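Asker: need a structure here:
(one chain, ligands or ions: 2)
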Amino acid sequence: MADIIIKNAYILTMDPDTGDLKNGTVVIEDGRITEIGEKTSESAETVIDAKHSVVMPGLVNTHTHAAMTLFRGYADDLQLSDWLEGHIWPAEARLTAQDVYKGSLLACLEMIRSGTTSFADMYFHMDETAKAVEASGLRASLSHGLIELWNEEKGEADLKEGRRFVRAWQGAANGRIKTMYGPHAPNTCSEEFLAKVREEASRDGAGIHIHVLETEAELLAMKERYGKCSVHLLDDIGFFGPDVLAAHCVWLSDGDIEILRKRGVNVSHNAISNMKLASGIAPVHKMLEKGVNVSLGTDGCASNNNLDLFEEMKTAALLHKVNTFSPTALPARQVLEMGTVNGAKALDPETGMLKVGKKADLIILDMKKPHLTPCFDVPSHLVYSAKGSDVRTTIVNGKVLMDNYRVLVLDEQKVMEEAQKAAAELVSKVNA
Ligand SMILES: C[C@H]1O[C@@H](n2cnc3c(O)ncnc32)[C@H](O)[C@@H]1O
Ligand SMILES: [Zn+2]
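Answerer: Ligands and ions are numbered 1, 2, ... in the order given. The predicted structure is shown next:
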């Protein structure tokens, strides 16, 4: 007997071999998809009737700082350097482990509600984020943020903590947690430190998550310090490979794109954060054209200000159409690929697609809504009309985390109240 059967659904598989099924059935057993077809002869403990609904792979958020939900709306409308150094870092200096737990749990709740089934995170007190991921049932690739700032002692201490975290949590929560090294950026970490991180990551078989060329200020600072940009510096020290996840990549030259392609680097595009902080427009259409794997991230809630990847998909599609003066740029299917398959390629290739043998990370959207009526083309609706709040059911690793809008794994009221209290106390400490 199977664990879950989902029937009567439009199935957006994201699998180029099979295409979509207009009225199909998905069977889940032991955390994996065991059957997809029109009908099944199986029976299951849980049968979900998904009439008027779409079943699709869960969305993958490849760049965020989950606990920054506590800073949602805290320091809006500022220049990135002022925002980060003048407001966010002083507030983060007061963060306790408990704050990070409460903020991360709130992020997990928001992601479950809006259809994100896995995410890549870089932050501090990461044991707490890992505990929140464990409790929520989500999947995540987590890293401790390493901000060396040319201070050798701080670099050593950060790296020690990063290494401890990587080793302590790799494969935890029944394999749902993976760990990575998280050097913050090439303009906040020295060349020697970045090379050391590369070495450690290779030794531990862990990936690396890093911000790259987010702002023009970074590009200019790198040119002044090294006479070359971040991508060329990282390439020269042998930093890049398919285990590197580079967030932002806004200020790229054509030569940089070629390096990213050649090295198989995964790029996380954060359209809303880049627009809000006025960082610039990443050359996403060029990267995709050249064959770079580009996925989607929200960044933290202080620069977005939510974790809804449906908003991110729509924004990315619109931004690159207007940027290229071409309405055919980034069509709906390609954006859906960025939100699912491409993200999965960066974090866990056994997810991101509804296919027999893949891990069962999937979501069900309720399509019987005024803003989704009529429906001529499902992918178009998912990108241009749907919202995270249209997700009715979220399943990760074959476990139902939200069933028909009811979150089963967390006490929603308590999570919100505790985060609200922690955020208020934190801000009053910063202002004191
Ligand atoms: C992990 C550290 O990274 C900081 N951070 C959050 N968002 C951004 C961003 O867009 N660029 C650079 N750094 C960022 C976060 O506050 C932590 O200090
Ligand atoms: Zn970031």
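Asker: May I have the beta-bridge partners of the residue of the chain at minimum distance from ligand 1?
Answerer: Proximity of the chain to ligand 1 (CB to the nearest ligand atom) peaks at G145, 3.3 Å away. Heads up, the C-betas are built off the backbone N, CA and C, glycines and all. Beta-bridge partners for G145, by DSSP bridges, are G182.
Asker: In this model T129 seems to touch it, though I could be wrong.
Answerer: No. Between G145 and T129 there is no contact under CB atoms under 8 Å: 10.9 Å.
Asker: So for these two, which sits in the more crowded spot?
Answerer: Neighbours per residue, other CB atoms under 10 Å: of G145 and T129, the larger number sits with T129, 31 against 23.
Asker: Now that one: closest residue in space that isn't a chain neighbour?
Answerer: S104 (4.2 Å; CB to CB, 6 or more residues apart in numbering).
Asker: Secondary structure element holding that neighbour?
Answerer: Using DSSP states H and E, S104 sits in helix 97-114.
Asker: Now do the contacts for the residue of the chain closest to ligand 1.
Answerer: By CB atoms under 8 Å, 6 or more residues apart in numbering, the contact set of G145 is H65, M122, Y123, F124, D158, G182, H184.
Asker: now swap in P283 and tell me
Answerer: Counting by CB under 8 Å, 6+ apart, P283 touches L252, I257.
Asker: Could you report the pLDDT at it?
Answerer: For P283, the pLDDT comes out at 98.
Asker: ok, now P57?
Answerer: Reported pLDDT for P57: 99.
Asker: and if you look at V409?
Answerer: pLDDT, V409: 98.
Asker: Which of the three states applies to it?
Answerer: coil (DSSP: H, G, I helix; E, B strand; the rest coil).
Asker: Repeat that for E45.
Answerer: Using three-state DSSP, the structure places E45 in strand.
Asker: now do K22
Answerer: Secondary structure state of K22, per three-state DSSP, is strand.
Asker: Same question for the one 5 residues further on.
Answerer: Put simply, V27 is strand when judged by three-state DSSP.
Asker: buried set for stretch 326-337?
Answerer: A329, L330, A332, Q334, V335, L336, E337 (16 or more other CB atoms under 10 Å).
Asker: Inside strands: which ones of the contacts of G145?
Answerer: Residues of these located in strands (DSSP state E): M122, Y123, G182.
Asker: Same list, the contacts of G145, but as TSV with neighbour count and distance to R225 please.
Answerer: Converted to TSV, the contacts of G145 look like this (neighbours: other CB atoms under 10 Å; distance: CB to CB, whole Å):
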residue	neighbour count	distance to R225
H65	25	25
M122	27	23
Y123	23	26
F124	20	26
D158	24	20
G182	30	21
H184	17	16
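Asker: Point out the residues in the stretch 251-400 of the chain that sit beside ligand 1.
Answerer: S273, D299, G300, S303 (CB under 6 Å from any ligand atom).
Asker: Who are the contact partners of A386?
Answerer: A386 neighbours (CB under 8 Å, 6+ apart): F310, L365, H371, L372.
Asker: Kindly report the residues of the stretch 1-150 of the chain close to ligand 1.
Answerer: By the rule CB under 6 Å from any ligand atom, the part of the stretch 1-150 of the chain lying against ligand 1 is H65, L84, I88, W89, E92, M122, Y123, G145.
Asker: Return the closest of the contacts of A386 with respect to K39.
Answerer: Looking at those and their distance to K39, the nearest is L365, at 21.8 Å (CB to CB).
Asker: Let me know the secondary structure of that closest one.
Answerer: strand.
Asker: One more: A316?
Answerer: Here A316 is recorded as helix under three-state DSSP.
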